[in-house]
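Novice: The following comprises the amino acid sequence and a computationally predicted model.
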Amino acid sequence: MEIDVRRCGIAEIIENANLAELRREFAAEVATCIQPAEINRLYGYQTMERDGTVQAIGAFQGDMVIGFITVLTPNNPRLGTPVAAADGLFVGRQYRDTGAGLKLLKAAENYAAEIGSPVLLCGSLRDGPLSKILPRLGYVETNVVYAKELRHG
């Protein structure tokens with residue numbers, strides 16, 4: 001079946017019947033000290049969506065969401081333009097050989113260019129699948145991010 005990659009609302013991803021399966025896979029692959037092993041916080045993106053600082057893009061097979069990416073687009077006051085950052089790029093394991101991930105990334109790049117962002121920032125876990133793919137797509141490593149878990153209370 002054909003994979004349809006398109007801009008959509010956050011609610012369309014959250015309310016999709018297949019999101020529960022994607023949540024389990026996402027949790028197993030991307031949990032770090034700064035990113036909990038769940039994606040139920042997608043509801044927080046709805047506020048950003050209303051403010052115009054995030055765009056969701058979904059990969060669908062029929063009515064079923066099989067992957068997604070969110071593009072954060074805050075305005076950078078120093079540059080005077082939005083700087084797009086890919087957040088939450090994920091494709092379910094059984095759909096990774098369909099090209100859905102590359103289509104999602106390309107759609108995010110197109111959106112970033114459309115809003116005038118000079119780049120699309122895209123992070124990856126140090127040895128995650130994206131760390132091997134992004135350089136082949138023209139992405140260059142520009143910074144290293146360090147994280148320290150902080151205990152509150």
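Specialist: Received the coordinates, thanks.

Novice: Please export the C-alpha coordinates of the helix or strand harbouring residue 101 as PDB.
Specialist: Counting by DSSP states H and E, the element that carries residue 101 is helix 100-114. The C-alpha coordinates for helix 100-114 follow below in PDB (Å, rounded to 0.1, in the frame of the first residue of the first chain):
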ATOM      1  CA  ALA A 100       8.700   6.800   4.800                       C
ATOM      2  CA  GLY A 101      11.500   8.200   7.000                       C
ATOM      3  CA  LEU A 102      13.300   9.800   4.000                       C
ATOM      4  CA  LYS A 103      10.000  11.200   2.800                       C
ATOM      5  CA  LEU A 104       9.300  12.700   6.300                       C
ATOM      6  CA  LEU A 105      12.700  14.300   6.400                       C
ATOM      7  CA  LYS A 106      12.300  15.700   2.900                       C
ATOM      8  CA  ALA A 107       8.900  17.100   3.800                       C
ATOM      9  CA  ALA A 108      10.400  18.700   6.900                       C
ATOM     10  CA  GLU A 109      13.200  20.200   4.800                       C
ATOM     11  CA  ASN A 110      10.600  21.600   2.300                       C
ATOM     12  CA  TYR A 111       8.600  23.100   5.100                       C
ATOM     13  CA  ALA A 112      11.700  24.700   6.700                       C
ATOM     14  CA  ALA A 113      12.700  26.200   3.300                       C
ATOM     15  CA  GLU A 114       9.100  27.500   2.800                       C
END
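
Novice: For it, name the packing helices and strands.
Specialist: Secondary-structure packing of helix 100-114 (3 or more Cβ pairs under 8 Å, 6 or more residues apart in numbering; DSSP states H and E): strand 3-8, strand 54-61, strand 64-72, strand 84-91, strand 120-122. From N, CA and C alone the C-beta is placed, and that goes for glycine too.

Novice: Output the ones you listed in a markdown table; the columns should cover mean neighbour count.
Specialist: Compiled in a markdown table, those are given as follows (neighbours: other Cβ atoms under 10 Å):
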| stretch | mean neighbour count |
| --- | --- |
| strand 3-8 | 16 |
| strand 54-61 | 23 |
| strand 64-72 | 23 |
| strand 84-91 | 21 |
| strand 120-122 | 18 |
